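A.B. asks: here's my sequence, what's the structure:
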Amino acid sequence: MSGLTPQERETLNAAEEIIKRLFDRKHESLMMSFHAGWNNFSVTYFTPSKVQHGSLWACDDPTFAGKIEVALAHRADEENRADEIKVARIEALRNELAGLTGEVA
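C.D. replies: This is a model prediction of the structure:
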C-alpha cells in the first residue's frame, strides 16, 4: 500500500480548505462518496434550508469542480427565493398546526 506524496497531501488539504470556505453556512452540508468501479465522486448537497440535492451533475462540466459549482448554484437560487421559501414554510407550518389541533387552516 502506497501512501500520499507530499504534493498529494498538500493538494487534498488545500481542497478541504476550499470546500470548508465555500460551504460555511449554518445547516449546509456537502457529502461525497467514491465507490470502487466508479469514475468519479457522487456528491449530495443540503442547502442551508435543508433541501437535499442528490447526485449533483453538470453536463457541461462533469468534474468534481463542476459538481461544486452546481451546489453553489442551488444555494444562490435558494438565497434569491428566500421570501418565497419563507411564505411557503409558514403556510406548511400553519397547515401542520391546524392538522394537529383539528382546526381549519
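
A.B. asks: helix, strand or coil for the nearest residue to residue 53 once chain neighbours are set aside?
C.D. replies: Leaving aside its sequence neighbours, residue 53 sits nearest to residue 45 (CB to CB, 6 or more residues apart in numbering; 4.7 Å). All C-beta atoms are positioned from the backbone trio N, CA, C, and that covers glycine. Assigned state for residue 45: strand (three-state reduction, DSSP: H, G, I helix; E, B strand; the rest coil).

A.B. asks: quick one, what contacts the residue nearest the centre of the chain?
C.D. replies: For the chain, the residue nearest the mean C-alpha position is residue 45 (2.0 Å; CA atoms, centre = their mean). Residues counted as contacts of residue 45 (CB atoms under 8 Å, 6 or more residues apart in numbering) are 29, 30, 31, 52, 53, 56, 70, 71, 74.

A.B. asks: gap between it and residue 98?
C.D. replies: 32 Å (CB to CB, to the nearest Å).

A.B. asks: what sits closest to residue 35 if chain neighbours are left out?
C.D. replies: residue 42 is the one closest to residue 35 (CB to CB, 6+ apart), at 7.4 Å.

A.B. asks: the one you found: how many residues sit nearby?
C.D. replies: 15 (other CB atoms under 10 Å).

A.B. asks: what are the phi and psi values for it?
C.D. replies: For residue 42, the backbone dihedrals (degrees, to the nearest 10) come out as phi -100, psi 130.

A.B. asks: wait, it sits on residue 34?
C.D. replies: Yes. In this structure, residue 42 is within contact of residue 34 by CB atoms under 8 Å, at 7.4 Å.

A.B. asks: tell me the two of the contacts of residue 45 that are most distant?
C.D. replies: 29 and 70 (14.8 Å; CB to CB).

A.B. asks: which helix in the protein has the most residues?
C.D. replies: helix 82-101 (DSSP state H).

A.B. asks: and residue 61, what does it touch?
C.D. replies: Counted by CB under 8 Å, 6+ apart, residue 61 has contacts residue 69.

A.B. asks: mind checking pLDDT for it?
C.D. replies: Model confidence at residue 61, given as pLDDT, is 89.

A.B. asks: i'd like the first residue to be 17 from this point on
C.D. replies: Got it, the first residue is 17 from now on, which makes the last one we talked about residue 77.
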